[in-house]
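*Asks:* what follows is a protein structure lacking sequence information:
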DNA sequence: TCTGGGGTCCTAGGACCC
DNA sequence: TCTGGGGTCCTAGGACCC
């Protein structure tokens, strides 16, 4: 989907079309309706805090404002940009709508988050039929059908890359954004993919990109020209071999239509860093609330888990995690709070805390686990009681 | 002006078992 | 008498993605 969150907001606030719009921040920047029928929007320049850009409109991107950028930094680049709060409820709703619309045309879909999917088009009727003198006509018309279906269902545009595999499709989908269709065949790799930065490959991030650059490799073509032995030497057996394959556009991963979650988590970054001793009451309350939210998530989704994880991020952005695997799976707030509290005892709490998070893994479906082997205390003995028994927070 | 929240996967060492 | 080979599980950290 094209600039998904920002585009969903434009459906609500159509007068913002074409303007620099940024979605992000945790405070309430909801536009105010004025008596004269106009709206008053928050501007990026008025923002203070630790929020980041979740999505920026294309006009905002032209000003150098991108996802994951701190809002304060974004405000320096685009002080007049309009700031909207994220409304995940609305995005999830539009996500379900667009996925259902695609499924009408091509039902073999792999979920890749709220605004992306892979679609296996192999079995879509007519996909291999030429249209007139165009051998790719069938492909083009399926792509147009998908886009029309999505537009009709949501009012939103998307960009599609059609290629022999997921790796190339991900790259291709970004070549003609927004509202694009890009078809890429193996014979196009040399001319269209090799000139691109290695960073365009899904799986080469900031670290690997910088390391490759330091080795004199900037483009995918240069990566393809590197010897496998060289890549193995610098990146290890697994990643090195993958780099080589990826540079040649080779990828045989299937489109996976169903998957089970591995872990579920809740975390929060504080507006100001907190100290374990000085801000104990506040930390304890947040800790308990995170456990309650996580327990709610587990129970709503019907999972229980055996491995409880604690995450702390300190001033200076140093992150520490502690895990504890229990004998029996749990899904209750009090049990989570207790297990995470045991993890907390293993952390040095001298430095002030920026982020606190609780995670649960080793998941099973609650319905698959005999009741006697799970433990969840009932409502009365929940988080608060557990919190009082712990020396920290 | 320091950098959200929710995830997945990989690596590597140690415990433990046969 | 100076120590095999394989396997699984647990833990911690880190890269990467949406």
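*Replies:* Yep, it's here. Here the structure is a predicted model, which means the values were calculated and not measured.
*Asks:* next up, phi/psi of the one residue in chain A that gets nearest to DNA strand C, please.
*Replies:* DNA strand C sits closest to residue A:205 of chain A, with a gap of 2.3 Å, by Cβ to the nearest atom of the strand. Backbone N, C-alpha and C define where each C-beta goes, glycine included. When read as degrees, to the nearest 10, the backbone of residue A:205 gives phi -100, psi -160.
*Asks:* report how many residues lie close to the nearest residue to it once chain neighbours are set aside.
*Replies:* Spatial nearest neighbour of residue A:205, excluding adjacent residues (Cβ to Cβ, 6 or more residues apart in numbering): residue A:199 at 7.8 Å. Using other Cβ atoms under 10 Å, residue A:199 has 17 neighbouring residues.
*Asks:* again, but for residue A:265
*Replies:* 15.
*Asks:* for it, which non-adjacent residue is spatially closest?
*Replies:* Nearest residue to residue A:265, sequence neighbours excluded (Cβ to Cβ, 6+ apart): residue A:359, at 3.7 Å.
*Asks:* about what we covered before: separation between the residue of chain A closest to DNA strand C and residue A:273?
*Replies:* Residue A:205 sits 27 Å away from residue A:273, going by Cβ to Cβ, to the nearest Å.
*Asks:* which of the two has more neighbours?
*Replies:* residue A:273 (16 against 10).
*Asks:* tell me the mean pLDDT over the helix or strand harbouring the more buried one?
*Replies:* Assigned by DSSP states H and E, residue A:273 falls within strand A:263-274. Averaging pLDDT along strand A:263-274 yields 97.
*Asks:* tell me the strands beside it, with direction?
*Replies:* Applying DSSP bridges to the sheet, strand A:263-274 is found paired with strand A:353-365 (antiparallel).
*Asks:* say whether DNA strand C is contacted by the partner strand.
*Replies:* Yes - contact of strand A:353-365 with DNA strand C (Cβ under 7 Å from any atom of the strand) involves residue A:362.
*Asks:* and chain A, what are its domain boundaries?
*Replies:* Here the domain parsing of chain A from automatic domain parsing is A:4-86, A:90-184, A:196-247, A:263-388.
*Asks:* in what helix or strand does the spatially closest residue to residue A:320 that is not a sequence neighbour lie?
*Replies:* In space, and not counting its chain neighbours, residue A:320 is closest to residue A:312: 5.0 Å by Cβ to Cβ, 6+ apart. Assigned by DSSP H and E, residue A:312 falls within strand A:303-314.
*Asks:* hmm, that strand in reach of DNA strand C?
*Replies:* Yes - applying Cβ under 7 Å from any atom of the strand, one finds strand A:303-314 touching DNA strand C at A:306-307.
*Asks:* got the angle between that strand and strand A:353-365?
*Replies:* Angle, strand A:303-314 to strand A:353-365, by axes from the mean of the first three to the mean of the last three Cα atoms, to 10 degrees: 170 degrees.
*Asks:* strand A:303-314: how far from the chain's middle?
*Replies:* How far strand A:303-314 lies from its chain's middle: 19 Å, per Cα atoms, centre = their mean, to the nearest Å.
*Asks:* tell me the helices and strands packed up against that strand.
*Replies:* strand A:263-274, strand A:319-330, helix A:333-344, strand A:353-365 (3 or more Cβ pairs under 8 Å, 6 or more residues apart in numbering; DSSP states H and E).
*Asks:* can we see that at 10 Å?
*Replies:* strand A:263-274, helix A:280-301, strand A:319-330, helix A:333-344, strand A:353-365 (3 or more Cβ pairs under 10 Å, 6 or more residues apart in numbering; DSSP states H and E).
*Asks:* and these, which is most packed in?
*Replies:* Highest mean neighbour count of the helices and strands packed on strand A:303-314: helix A:333-344, a mean of 24 (counted as mean count of other Cβ atoms under 10 Å).
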